[in-house]
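Chemist: Sequence and predicted structure, then a few things I'm wondering about:
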Amino acid sequence: MTSVWTRPWPARLDQQAPHQHASTKKRILFVDDEPTVLELLEIMFAPMKQEWDIVTAGSGAEALALCEKQPFEVVVSDLRMPGMNG
């Protein structure tokens, strides 16, 4: 899986500028057919849960269904998956 991400600054909520609120959380979708990879991503990004909404999908079809319901600012996808590539 290839991913590129940048950490938004300021990194902590108590360092945010006065005009920033929790409602400005970014939604990020991770797509991978390997459950272990998704679990590791959830653990790795858990400290950012106040700044980002992390959503995972186990297939391309599941990811498309999620995208139809609500938009995401970022989608990070495995490139090779059964049934549908990233």
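Modeler: Thanks, I have it.

Chemist: For the rest of this, base every contact and every neighbour count on C-alpha atoms.
Modeler: Noted.

Chemist: So which residues of the protein form helices?
Modeler: 35-45, 60-69 (DSSP state H).

Chemist: packing partners for the last one?
Modeler: If I follow you right, that is helix 60-69. In terms of contacts (3 or more Cα pairs under 8 Å, 6 or more residues apart in numbering; DSSP states H and E), helix 60-69 is packed against strand 26-31.

Chemist: what's the distance between residue 44 and residue 72?
Modeler: As for residue 44, its distance to residue 72 is 19 Å (criterion: Cα to Cα, to the nearest Å).

Chemist: whoops, I mixed them up, residue 83
Modeler: Remark: distance between residue 83 and residue 72 (Cα to Cα) = 22 Å.

Chemist: Between these two, point out the one with more neighbours.
Modeler: residue 72 (16 against 9; other Cα atoms under 10 Å).

Chemist: Tell me the bridge partners for residue 26.
Modeler: Note on residue 26: beta-bridge partners residue 52, judged by DSSP bridges.

Chemist: From residue 48, how far out is it?
Modeler: 10 Å.

Chemist: so what sits against both of the two?
Modeler: Here residue 26 and residue 48 have no joint contacts, going by Cα atoms under 8 Å, 6 or more residues apart in numbering.
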